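S.K.: predicted model, plus sequence, below.
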Amino acid sequence: MIGASISRWTMSYFAMALAWLLVALALMVAGLGYPAAHLASPDTLVLVHVVCIGWLSVAMCGALFQFVPVLVAKPLFSEKWALPALGLLTAGLVSLLAGFLGLGGRLPAWLWLLPVGAVLLIAGFGLIVVDLGLTAWLRPTGPARFVLAGLASLCATVAFGAIFAFAHAGWAGSVGDALLATGVPLHAIAGLGGWLTLTAMGVSYRLLSMFMLSPDVDDRKSDMTLAAGALAIAIAVVGGVLAIWLFSGLNVVLPIVAVFGLATAALYGRDVIGIFSGRRRRQLELNTRMAVLSFVSLAGAALLGAVLILTGAFAAHVGAFVFLAVFGWLSGLVLAKLYKIVAFLTWLETYGPVMGRAPTPRVQDLVSEARASKWFVMYYVAVWFGTLMLLAGQPSAFRAAAAIMIVAIAGIAREVIRTRRLADVESPLRLPDGACAPHLLCARN
Ligand code: HEM
């Protein structure tokens, strides 16, 4: 990332994302949504979208604004769109959530809030997809292809979501109603599997190689992984819509998608093991050690999914499966990488301009891994405990797990704020002549 310009709004995206994550966990502790309510209940929809849009999508977009230009070695198509996009996403999410609360009778039933939220989200995600897509398109090789596949899946996710939102308001006609009645799994697969998972995989290839000094994964290998993943999503979206259209339901499509999904996870595991075995940095940094725990969670989720399908218990325990995938794999990886990216960008922003002219600290001097590691370990243990409690049908113990996750996330957030404030850098090196302390929520450029 050295030499790349620093994305001005990445920190604002990260801060907003962490705030939504804390909101989601607080709702879980309060017992709102699954497991206290049904998976398809409005309360669960509130929880799902706070996590999927507010936390994961916002954090991913913030990382991509910095990362895509690095991947393709070209500047971002438009830096100016990032902040309006964040505003649109936030307003759209709030409106969508208010619509869901109305659907569940917790607010007046102003169901028009759902399409209004959808339109705002389309505008926000639209700006981001065009901005990142036009940038990644300039050199669509290796990880950039995963990002393009992820962005295409995001378009599909948002299109399904918007149709559902309009259908709830009674504005989508019979086609919209039919899609809403059977198509929700397609929206979830495109969002969690396509947008979030394929993008996270692409980004992780590059970040793992960079931080472990490993050779990049052979393009032929990563292309195979991407082909399996993209095929799974294409079958879900195109095959799924066709299946609903022809009234045969999703019974044939979903097992095929599951097979391709498992194959993608296995191929990705092979690629990641290759990166680890080729590394030149023997001593692993905290972000990489914690990323390993997220890979373990992905393997655990794949195994759990396979066992549940084979024993015919998938429908009964889909909540536990999704919880492990969302909080163990996706959120765990995002948190581990966010911790490192904040340190790296803060270092680049503060000390890049004076490098060579004054003594500067190392990136690792901006963090205290010994202090941070306990919060990460606490987070993963709580996620795994929470998954087991969902499987065991113990909602109170699950809420206790969510409470522990809040403590852990607050701890990680505090570490990240300390990094931004240069609080762990020793005095003489902290602000050499000519260096400026960074702002908390945006870069100075
Ligand atoms: C424009 C953006 C979006 C809109 C308008 C939207 C809207 C909706 C609606 C209305 C439903 C409920 C369908 C029903 O009544 O059963 C739903 C379900 C769902 N959405 Fe979204 N969504 C959006 C984006 C996303 C994204 C980006 C993700 C994931 C990354 C996501 C994940 C899910 C999941 C997992 C469900 C199923 C939840 C359950 O059944 O408990 N959505 N969405």
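M.R.: That came through fine. Residues are numbered from 1 along each chain as shown.
S.K.: which bits of the stretch 1-150 of the chain sit near the ligand?
M.R.: With CB under 6 Å from any ligand atom as the criterion, the stretch 1-150 of the chain meets the ligand at residues 39-40, 44-45, 48-49, 52-53, 57, 96, 118, 121-122. The way it works is simple: take the backbone N, C-alpha and C, and place the C-beta from them, glycine included.
S.K.: of those, buried ones?
M.R.: In terms of neighbour count (16 or more other CB atoms under 10 Å), the buried residues within those are 44-45, 48-49, 52-53, 57, 96, 118, 121-122.
S.K.: from these, which land in helices?
M.R.: 44-45, 48-49, 96, 118, 121-122 (DSSP state H).
S.K.: residues contacting the residue in the stretch 251-400 of the chain positioned nearest to the ligand?
M.R.: Of the residues in the stretch 251-400 of the chain, the one nearest the ligand is residue 322, at a distance of 7.0 Å by CB to the nearest ligand atom. Taking CB atoms under 8 Å, 6 or more residues apart in numbering as the contact definition, residue 322 lies against 188, 192.
S.K.: tell me the secondary structure at it.
M.R.: Here residue 322 takes the helix state, with states given by DSSP: H, G, I helix; E, B strand; the rest coil.
S.K.: okay, it and residue 410: tell me how far apart.
M.R.: Separation of residue 322 from residue 410 (CB to CB, to the nearest Å) stands at 24 Å.
S.K.: pLDDT weak spots in the chain?
M.R.: Counting by pLDDT under 70, the ranges of the chain that qualify are 1-4.
S.K.: how about 90 then?
M.R.: Judged against pLDDT under 90, the low-scoring parts of the chain cover residues 1-5, 71, 138-142, 210-211, 246-249, 281-282, 356, 426-428, 434, 444-445.
S.K.: most centrally placed residue in it?
M.R.: residue 56 (3.4 Å; CA atoms, centre = their mean).
S.K.: now do the contacts for residue 130.
M.R.: When contacts are counted by CB under 8 Å, 6+ apart, residue 130 is found next to 77, 81.
S.K.: check the gap between it and the ligand for me.
M.R.: Relative to the ligand, residue 130 is positioned 15 Å away (CB to the nearest ligand atom, to the nearest Å).
S.K.: now name the helix or strand holding that residue.
M.R.: Applying DSSP states H and E as the criterion places residue 130 in helix 113-136.
S.K.: and residue 439, by the same measure?
M.R.: Secondary-structure assignment from DSSP H and E places residue 439 in no helical or strand segment.
S.K.: residue 24 against residue 53, yeah?
M.R.: No. Applying CB atoms under 8 Å as the test, residue 24 and residue 53 come out as separate, 10.5 Å apart.
S.K.: secondary structure class of the closest residue to residue 28 other than its chain neighbours, three-state.
M.R.: In space, and not counting its chain neighbours, residue 28 is closest to residue 402: 3.8 Å by CB to CB, 6 or more residues apart in numbering. For residue 402, the reduced secondary structure class is helix; criterion used: three-state DSSP.
S.K.: ok, residue 76 next?
M.R.: Bear in mind the rule, three-state DSSP; under it residue 76 is coil.
S.K.: before we move on, back to that, so which bits of the helix holding residue 130 are buried?
M.R.: Residues of helix 113-136 classed as buried: 113-129, 131-133, 135-136 (neighbour count, 16+ other CB under 10 Å).
S.K.: repeat for stretch 420-436
M.R.: Of all the residues in stretch 420-436, those buried under the rule 16+ other CB under 10 Å are 420, 422, 424-425, 429-432, 435.
S.K.: span of stretch 174-193 from start to end?
M.R.: Terminal residues of stretch 174-193 lie 28 Å apart, using CA to CA, to the nearest Å.
S.K.: hang on, the earlier thing: just checking, which of the buried residues of stretch 420-436 belong to helices?
M.R.: 420, 429-430.
S.K.: export those residues as JSON lines, with columns for distance to the ligand.
M.R.: Formatted as JSON lines, these follow (distance: CB to the nearest ligand atom, whole Å):
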{"residue": "420", "distance to the ligand": "27"}
{"residue": "429", "distance to the ligand": "41"}
{"residue": "430", "distance to the ligand": "40"}
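S.K.: got CSV for the residues you listed, with distance to residue 377 too?
M.R.: Converted to CSV, these look like this (distance: CB to CB, whole Å):
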residue, distance to residue 377
420, 23
429, 29
430, 29
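S.K.: just the closest of these to residue 284, please.
M.R.: residue 420 (23.8 Å; CB to CB).
S.K.: show me what the helix or strand where residue 59 lies is packed against.
M.R.: Residue 59 belongs to helix 58-72 when elements are defined using DSSP H and E. Here helix 58-72 touches helix 10-29, helix 82-103, helix 113-136, helix 143-168, helix 199-212, helix 332-351, going by 3 or more CB pairs under 8 Å, 6 or more residues apart in numbering; DSSP states H and E.
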